[in-house]
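J.: Okay, here's the prediction I keep looking at, along with the sequence it came from:
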Amino acid sequence: MLPETLLCLLSAALAAAQSRQKLSLNSNTAFSPSNTPNPAVFTLPSAENLAISVALCSATTSQARFFVTNSSSSGVPSSAGGTDVYEIQVTGGLGNWTGTFADGGVLAVEDVEQTSFELGVSDQDPIHGLLPGTDLPLLGDTTSNQALIFSPAFFNVKLVVPLYPNYTLTPANLSQPSLPPGSPNYTLLISPTSSSPSLTSLPQTGCMLASQKSTGTIASESLWLRDANGWRTQWLVEALAPATNYTAYVIQDSTQVAGPMYFATKSASFVCPLVFGLPYCPAVAYTVPLPQPLAASGTRVYTAANVPEQITTPLLSYLTNFTVTLSTFACGRDMYSPIVTCADCQRAYRKWLCGITFTRCGEPSPTNPNSFTSAAPDTSATGVSAVQPKNPNDPSAPQKVFSALVAQSTDISNARSPTLPAMGSAYSMLLPCIETCTAVDRACPNLVGFTCPTSQFNAAASYGVGYTDGADGDEGQGATGGSQDRWGNIWCNG
């Protein structure tokens with residue numbers, strides 16, 4: 001018979017093991033000072049591959065440490081170490097550890113104090129995390145008090161490739177396809193960059209960021225397929241302050257964080273309204289030099305419901321005529337390229353035509369008011385428009401990247417897009433990126449006769465040159481590598 005002392009110890013150990021809170025597989029459990037068990041020890045389920053994630057939900061200077069063991073003989077893991085005891089390193093409020101838990105395991109927390117946190121247990125990817133830098137929120141554009149923002153793409157659409165002899169191209173007046181079968185639960189969070197504490201100084205976790213107050217009012221929220229990258233959630237945010245820097249995050253399913261992304265609203269004198277939600281021009285989501293929408297429409301933006309017909313009628317006519325011309329080629333039978341097809345050609349032309357028709361407004365940065373062309377460039381302008389000398393009186397001075405902005409007068413006869421009605425005030429035009437033109441040139445057969453200006457001659461007179469691609473066309477070797485970045489810079493209309 002076992003000694004009474006040993007029986008008591010075994011009984012106490014068994015009671016402690018039975019009192020441990022069990023964390024279920026594929027679950028996320030929230031803990032606060034009021035419901036964290038003492039001691040903070042948890043039982044983990046068995047799984048061939050178990051991902052354990054930690055998310056701090058409070059802004060306190062937490063010293064909490066998280067330890068895990070996947071051995072049934074190691075007891076309670078702690079800072080004392082031991083065989084098969086591992087610490088989950090927490091950085092920026094996030095931590096995760098993945099391993100094999102054939103017989104389950106134990107997780108323990110030390111120095112909890114007043115820390116609120118979440119524990120995620122999954123046999124797939126970690127429940128908590130930061131989405132990769134390629135999955136950031138996407139800025140459409142801003143006015144003085146509005147912003148158009150997109151979530152990361154979440155559902156790829158397989159492009160239908162027509163086949164010969166029934167090679168049918170999409171109609172000019174394109175419609176959005178059927179909505180995806182489901183979408184993540186996205187939450188948009190916006191705060192002035194100068195706020196204290198700033199969002200970036202907090203734990204970069206969904207639970208922490210979601211507890212912060214978001215600035216502005218969401219006027220509309222919808223799903224939108226803007227390009228081949230896939231469906232996104234689209235937000236129109238109003239009630240922002242003019243000439244203010246903002247920080248934005250998108251939180252997916254309360255646990256995955258995309259961001260930060262930065263943007264600035266335009267000055268109070270900025271007059272161009274937002275245009276978006278055009279199925280035939282799905283990538284148009286920016287400000288355009290148009291008169292303000294009629295008050296009777298009850299909106300301060302243009303969508304397919306109220307955009308002037310004098311713009312859409314010729315645009316759809318141009319696209320229809322181009323499609324007819326393209327169809328004279330034996331699409332799907334005679335291959336003019338091993339890489340692209342007539343459908344690719346039409347898509348590239350649609351994007352180019354929409355970008356040319358709907359001229360984009362812009363505004364120089366308040367911190368760099370001279371970083372744009374003060375007068376329209378000469379028709380023979382050459383060179384790379386992306387890079388200009390910092391000091392025009394000293395060509396050897398270090399170079400800076402300037403946006404492809406060109407000042408425009410109120411004279412509508414000189415406007416790039418003749419179908420736009422007169423806005424009645426001067427504005428700055430953001431030139432389209434040259435890549436929108438060269439994409440058509442590359443994707444289309446020679447018979448359509450589409451050509452683009454080159455940087456050696458006059459491309460910089462009408463396009464932003466040298467931003468995405470190099471001056472000689474080297475892909476991705478331009479001054480910025482893209483038409484815009486996460487910091488709110490929009491270099492050219494891409």
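T.: Perfect, I can see it now.

J.: quick one: pLDDT of G82?
T.: On pLDDT, G82 comes in at 88.

J.: Neighbours of it, how many?
T.: Neighbours of G82 under the rule other CB atoms under 10 Å: 14. No exception for glycine: its C-beta is placed from N, CA and C like everyone else's.

J.: Wasn't it part of a helix?
T.: No: read with DSSP: H, G, I helix; E, B strand; the rest coil, G82 is coil and lies in no helix.

J.: Where does the nearest residue to it once chain neighbours are set aside sit: helix, strand or coil?
T.: Excluding the flanking residues, the one nearest G82 by CB to CB, 6 or more residues apart in numbering is S74, at 5.7 Å. Three-state assignment for S74 (three-state DSSP): coil.

J.: The helix ranked longest in the chain: which residues count as buried?
T.: If you go by DSSP state H, the chain has its longest helix at helix 309-327. For helix 309-327, a neighbour-count test (16 or more other CB atoms under 10 Å) marks I311, T312, L315, L316, Y318, L319, F322, T323, L326 as buried.

J.: Figure out how far that helix is from the centre of its chain.
T.: Distance of helix 309-327 from the chain centroid (CA atoms, centre = their mean, to the nearest Å) equals 31 Å.

J.: Could you check how many residues crowd around the nearest residue to G104 once chain neighbours are set aside?
T.: In space, and not counting its chain neighbours, G104 is closest to S46: 4.4 Å by CB to CB, 6+ apart. S46 has 15 neighbouring residues, counting by other CB under 10 Å.

J.: Tell me if I'm right that S46 and G99 touch.
T.: No: using CB atoms under 8 Å as the test, S46 is too far from G99 to be in contact (11.8 Å).

J.: any idea which helix or strand comes after the helix or strand bottoming out on mean pLDDT in the chain?
T.: Across the helices and strands of the chain, mean confidence by mean pLDDT, DSSP states H and E is lowest for helix 4-19: a mean of 43. Per DSSP states H and E, helix 4-19 leads on to strand 21-22 as the next helix or strand towards the C-terminus.

J.: list the helices and strands the helix or strand following that next one packs on?
T.: The helix or strand immediately downstream of strand 21-22 is strand 27-31, counting by DSSP H and E. Strand 27-31 is packed against strand 117-122, with contacts defined by 3 or more CB pairs under 8 Å, 6 or more residues apart in numbering; DSSP states H and E.

J.: State the paired neighbours of the strand it packs on in the sheet, together with their directions.
T.: Applying DSSP bridges, strand 117-122 is found paired with strand 27-31 (antiparallel), strand 47-56 (antiparallel).

J.: Buried residues of it, list them for me.
T.: Of the residues in strand 117-122, those buried (16+ other CB under 10 Å) are F117, E118, L119, G120, V121, S122.

J.: now swap in stretch 445-463 and tell me
T.: Buried, per 16+ other CB under 10 Å, within stretch 445-463: P445, V448, F450, C452, P453, S455, N458, A459, A460, A461, S462, Y463.

J.: before we move on, what about stretch 84-92?
T.: For stretch 84-92, by 16+ other CB under 10 Å, it's V85, Y86, E87, I88, V90.

J.: Please report how far the fourth one lies from A30.
T.: Right, I88. 17 Å (CB to CB, to the nearest Å).

J.: same deal with the first one?
T.: When distances are taken as CB to CB, V85 and A30 turn out to be 25 Å apart.

J.: Now stretch 254-267: average pLDDT?
T.: Across stretch 254-267, pLDDT averages out at 97.

J.: And stretch 159-177, by the same measure?
T.: The model assigns stretch 159-177 a mean pLDDT of 89.

J.: who touches that stretch?
T.: 157, 224-225, 228, 279-280, 282, 316-317, 319-320, 323, 326-327, 330-333, 341-343, 346, 350 (CB atoms under 8 Å, 6 or more residues apart in numbering).

J.: which of the residues in it are buried?
T.: Buried residues in stretch 159-177, counting neighbours by 16+ other CB under 10 Å, are found at Y167, L169, T170, A172, L174, Q176.

J.: how long is stretch 457-468 end to end?
T.: 19 Å (CA to CA, to the nearest Å).

J.: Just read off the phi/psi values of D84.
T.: With angles defined as degrees, to the nearest 10, D84 shows backbone torsions of phi 60, psi 30.

J.: what do you get for the one 5 residues further on?
T.: Note on Q89: backbone dihedrals following degrees, to the nearest 10 are phi -70, psi 130.
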